[in-house]
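Undergrad: Below is the sequence, then the predicted model.
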Amino acid sequence: MKLIRLIFLFLATAWLTGCASPQLPIALEDTMWSERDKTIGVAVVELPKPSVQLTGNQGLLDLAINTGLASGLRSKVETWELASMESVPQHLVDELNARGYKAKTLPPLKLADFKESGAKLGYAKHDFTPLRQQQVDKLILITLYVAGTQRSYYSVIPTSDPLTQVGGMTQVIDLTDNRLAFYEPFATVRAADGEWDEGPEYPNLTNAFYQALDESEQNILAPFRAQMLTAQ
């Protein structure tokens with residue numbers, strides 16, 4: 001499972017950056033905690049709908065067949081909720097405010113509302129500096145780019161059971177110049193505990209998804225919690 005997660009993280013980073021050189025993780029800067037006069041905004045990018053992903057070596061006909069056979073699972077996966085991820089910014093803001101920092105939640109952001117910056121590595125891919133008009137100096141931005149299940153195939157033959165997946169990235173962006181003060185992809189892949197193919201409700205797979213979602217949320221919060229404690 002650890003190898004699968006590493007592969008998933010690599011593919012996720014490649015997906016996020018396209019053909020360009022991937023942005024490597026950036027450790028959270030200490031200035032985050034020394035500049036108490038700065039206002040920190042926390043937001044999520046509008047969340048995707050949970051989906052079923054079919055990966056592997058498949059022709060168009062293979063994909064059509066596999067998609068049809070996965071229709072029952074898809075019907076269930078599309079009912080999975082991401083409401084707890086939407087509440088992560090408020091949790092983080094509450095913890096920041098409790099420790100004496102100035103922080104506030106922002107409404108979910110649409111990337112289409114922000115111009116692509118064309119910036120080099122070390123800077124956000126979109127220009128978020130207009131958010132300074134909302135009296136925000138630094139932006140903690142949580143992006144979820146995939147949620148649901150993935151299953152690999154060779155032609156019409158499954159080569160794995162469905163695995164639940166939650167993946168994205170967390171950034172801290174200095175709105176003075178759009179520079180990244182923190183960058184960390186996250187990915188959680190979890191198998192069902194027991195039989196997965198128990199339609200139409202798929203209870204074991206559903207439980208695995210919400211465990212993966214919770215683990216991802218804790219991974220998002222952990223770097224901030226750890227440094228807040230040591231910065232006191």
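TA: Structure's in. What do you need? Numbering: from 1, shown residues only.
Undergrad: helix, strand or coil for I142?
TA: Under DSSP: H, G, I helix; E, B strand; the rest coil, I142 falls in the strand class.
Undergrad: Report how many residues lie close to it.
TA: Neighbour count for I142, taken as other Cβ atoms under 10 Å: 25. The C-beta positions use only the backbone N, C-alpha and C, and glycine is treated the same way.
Undergrad: so it touches I220, yeah?
TA: Yes. Judged on Cβ atoms under 8 Å, I142 makes contact with I220 at a distance of 5.9 Å.
Undergrad: Mind listing the shared neighbours of the two?
TA: Both I142 and I220 are contacted by 88, 170, under the criterion Cβ atoms under 8 Å, 6 or more residues apart in numbering.
Undergrad: How about T31, nearest residue that isn't a chain neighbour?
TA: Nearest residue to T31, sequence neighbours excluded (Cβ to Cβ, 6 or more residues apart in numbering): A181, at 7.2 Å.
Undergrad: Help me confirm that the one you found comes into contact with D137.
TA: No. Contact criterion Cβ under 8 Å: A181 and D137 do not qualify, at 10.8 Å.
Undergrad: now the strands for this protein?
TA: Secondary structure of the chain by DSSP state E: the strands cover 39-44, 51-57, 102-105, 138-154, 157-158, 163-174, 179-190.
Undergrad: right, so of those strands, which gets closest to L82?
TA: Shortest distance between L82 and the strands of the chain, using Cβ to Cβ, is found for strand 138-154: 6.2 Å.
Undergrad: Helices of the chain, start to end?
TA: Assigned by DSSP state H, the chain shows helices spanning 2-17, 31-34, 60-69, 71-77, 83-86, 88-98, 203-231.
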